[in-house]
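> Kindly generate the corresponding structure for this input.
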Amino acid sequence: MIRRPPRSTPKPSSAASDVYKRQSLFYYKHLDALFSNEKFKGKLQLVTYSELKNDFKCTMLRIMDYCELEKHPNILHAIEMQDNKQSSFKTEHKYFLEDFSLSKKQILQDFDFIYSRF
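Next up is the predicted model:
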């Protein structure tokens, strides 16, 4: 019996990297335009990944206050449970920018308008 070697995950092509970059830039430029528009001042609430990850409970309570949502005990309990889960969660994902034909310098340069604003 002849065995094939295990397949390795192919690295994304630079074309895939370009599509990712264009889509991400489009999204963040749209987001930046919304937050820059006077019409939406006070109507948008920015929630960052870092806030959700590092301070889930306070972030969720802030969102609930902003949306004027009732703080039902069941919801508060669910938020507390998720907060406890997140405080001990450690991801097993290991991603490297180079795997996606990206570099930290390139990302900081391309998305400078977002990093400087938020």
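> which residues of this protein score low on pLDDT?
1-14, 16 (pLDDT under 70).
> Could you identify the longest helix within it?
For the chain, the longest helix by residue count, based on DSSP state H, is helix 14-36.
> From the contact counts, what lies against that helix?
Counting contacts by 3 or more CB pairs under 8 Å, 6 or more residues apart in numbering; DSSP states H and E, helix 14-36 packs against helix 112-117. Placement of C-beta: from N, CA and C, glycine included.
> Buried residues, the helix it packs on. List them.
Within helix 112-117, the residues that count as buried by 16 or more other CB atoms under 10 Å are residue 114.
> Show me what that helix is in contact with.
Outside of helix 112-117, the residues within contact range by CB atoms under 8 Å, 6 or more residues apart in numbering are 28-29, 31-32, 35, 108.
> chain center to it: distance?
Relative to its chain's centre, helix 112-117 lies at 15 Å (CA atoms, centre = their mean, to the nearest Å).
> what's the answer for stretch 21-39, then?
From the chain centre to the centre of stretch 21-39 is a distance of 15 Å (CA atoms, centre = their mean).
> Phi, psi for the residue sitting nearest the centre point of the chain please.
Nearest to the geometric centre of the chain sits residue 49, at 4.8 Å (CA atoms, centre = their mean). Phi and psi for residue 49, reported as degrees, to the nearest 10, are phi -60, psi -40.
> For the helix or strand hosting residue 80, which helices and strands make contact with it?
Per DSSP states H and E: residue 80 is located in helix 73-88. If contacts are counted by 3+ CB pairs under 8 Å, 6+ apart, helix 73-88 sits against helix 56-66.
> could you give the angle of the helix it packs on to helix 73-88?
If you take axes from the mean of the first three to the mean of the last three CA atoms, to 10 degrees, helix 56-66 sits at 140 degrees to helix 73-88.
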